[in-house]
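*Asks:* I'd like to go over a predicted model; first the sequence, then the structure.
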Amino acid sequence: SVSGPGAKNASCDGGEPVTITGKNFGPDQKNLGSVTYGPSGIEYTAVDCVRHSHTEITCKTAPGLGDNLNWLVAVDGQVSDLSLITTNYEAPSISKVFVETGKTAGGTLHRINGTNLGVKVTGSYIEVLFDGVPITLDGGLTTKAIQGTDSEYLASRQQNGKDFIEFTLPPMIVLNQAKTVQVHVGHVNYNVDQRSNVESFT
């Protein structure tokens, strides 16, 4: 089993404790190789792992994203079966959508404040969805703010600890401008699909 604060709705920043309970974890700490987890069990490497007994290991989570994450333990070069128990990182959440500057009819800079947007996870990306469809973020062709690339400036963390993503409002030519807004987070290297709560936007 996998239990503790890092096992369910873990922070995307990582650093939360987890306890892995099983068997045949070796006679000593030096026998413990690695503890990894993710969609296929290898995407993230848990840190600060301590073997307490042949049935219990404690670790801390790495920064990450996603749900239905399976765990693997390597002892003396032998890797366990993929865990039947899965864990997850908390889904992104929108707390506020507001205008930063500019006009309201198009080309307006807006900001979404929220939590667990994955801004500390290298390779993660964030999309802003209007009525379920990704929009451009910079008024050009960029639809994803990818951490570790030139587009990461579009999504970051404020001094108050809140995550944000900025986008340039696309022109709305229809009279009814009411839209739903949602944030989608994923990763460029593996399949992650987490979506935030839905907010209205006019």
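*Replies:* Thanks, I have the structure now.
*Asks:* point out where this structure drops to low pLDDT.
*Replies:* Counting by pLDDT under 70, the ranges of the chain that qualify are 101-106, 170-176.
*Asks:* the residue nearest to the spatial centre of it: what's it in contact with?
*Replies:* Nearest to the geometric centre of the chain sits residue 65, at 2.9 Å (C-alpha atoms, centre = their mean). Neighbouring residues of residue 65 by C-beta atoms under 8 Å, 6 or more residues apart in numbering: 12, 89, 118, 121, 124, 185, 186, 187, 192, 194. Where C-beta positions appear, they are placed from N, C-alpha and C, glycine not excepted.
*Asks:* so which strand or helix has the residue nearest to residue 55 when sequence neighbours are not counted?
*Replies:* In this structure, residue 55 finds its nearest non-sequential neighbour in residue 23, 5.6 Å apart by C-beta to C-beta, 6 or more residues apart in numbering. Residue 23 belongs to no helix or strand when elements are defined using DSSP states H and E.
*Asks:* can you check residue 126 too?
*Replies:* Taking DSSP H and E as the criterion, residue 126 maps to strand 124-130.
*Asks:* sorry, back to before: tell me the secondary structure for the residue nearest to the centre of the chain?
*Replies:* Three-state call for residue 65 (DSSP: H, G, I helix; E, B strand; the rest coil): coil.
*Asks:* okay, it and residue 31: tell me how far apart.
*Replies:* Counting by C-beta to C-beta, to the nearest Å, the separation of residue 65 from residue 31 is 31 Å.
*Asks:* quick one on the thing from earlier: gap between the residue nearest to the centre of the chain and residue 44?
*Replies:* Applying C-beta to C-beta to residue 65 and residue 44 gives a distance of 9 Å.
*Asks:* what touches both of the two?
*Replies:* Residues touching both residue 65 and residue 44 (C-beta under 8 Å, 6+ apart): none.
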